[in-house]
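A.B. asks: give the three-dimensional model of this entry:
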Amino acid sequence: MFYYGFDMTYVVLVLPAMIFAMWAQFNVQSTFKKYTRIPSERGMTGRDAARLILDRNGLYNVKIEQVAGELTDHFDPKAGVIRLSSSTYNVQSAAAVGVAAHEAGHAVQHAEGYGPIKLREAIIPVTQLGSKLAIPLVILGIILSFYPLAYAGIILFGAVTVFQLVTLPVEFNASSRAVEALDASGTLSGDGLAASKKVLRAAALTYVAALFVSLANLLRLVIMVSGRGRRD
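C.D. replies: Alright, predicted model coming up:
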């Protein structure tokens, strides 16, 4: 759908989602920096909090390592390692403790066989294929006027969108586990616990934004292919 050289499907669908995603990324960074100024109770670092949660769940074999960067924290299930960023690993703040506890929550999910995380891992091969081939297949299908090929690309892109959708309960559940563990263990309370919740909510919004971007692009592809198909 082009008007005077503008792709209106991009302007109407994708651009607002992209702006939301950029705002969400800015928001999580600014929220994290804000609550880094609130010290953690008992002088615990991000690493201390993650280790406490892991040990309370019997995950003594899961290691914790430091990696460079800010908010590059993640759990690597294949290596059995939680990697905490420089802004989290040895930092005694409510923000750092909350983020580290969230990653420990992912480790607990894997250990318990949490359903959504198993589903997300099962569709990773398809999503990796979709992220590489979906757009080229759609474009090639349109150029050749061979629309089964274009719709195959849409299906692959749909798998990427499903991955983003399944990611939401995984991330929200990890944050919920983190807050419960920090509260129950007395690691954080009062203002510290409230600050940690705000950081985790801001982080969760980035995954919501990623889903919106994926949905907008999926709808745009469907409109493009179906519109070309009718004209041909």
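
A.B. asks: give me the below-cutoff pLDDT ranges for the chain.
C.D. replies: Across the chain, the ranges flagged by pLDDT under 70 are 1-6, 228-232.

A.B. asks: go again with 50.
C.D. replies: For the chain, the stretches with pLDDT under 50 are 1-5.

A.B. asks: which stretches of it form strands?
C.D. replies: For the chain, the strands defined by DSSP state E cover 2-3, 6-7, 63-67, 74-76, 81-85.

A.B. asks: how far does stretch 126-137 sit from the chain's center?
C.D. replies: Stretch 126-137 sits 19 Å away from the centroid of its parent chain (C-alpha atoms, centre = their mean, to the nearest Å).

A.B. asks: next: stretch 214-231.
C.D. replies: Centroid separation for stretch 214-231 versus its chain: 25 Å, with C-alpha atoms, centre = their mean.

A.B. asks: for L129, which of the strands of the chain is the nearest?
C.D. replies: strand 74-76 (21.6 Å; C-beta to C-beta). Where you see a C-beta, it was placed from the backbone N, CA and C, and this is true even at glycine.

A.B. asks: would you confirm that A150 contacts V225?
C.D. replies: Yes: look at A150 against V225 with C-beta atoms under 8 Å: they come within range, at 4.6 Å.

A.B. asks: what touches both of these two?
C.D. replies: Common neighbours of A150 and V225 (criterion: C-beta atoms under 8 Å, 6 or more residues apart in numbering): 138, 141-142.

A.B. asks: separation between the most centrally placed residue in the chain and L140?
C.D. replies: Geometric centre of the chain, nearest residue: Y207, 4.3 Å, by C-alpha atoms, centre = their mean. Counting by C-beta to C-beta, to the nearest Å, the separation of Y207 from L140 is 31 Å.
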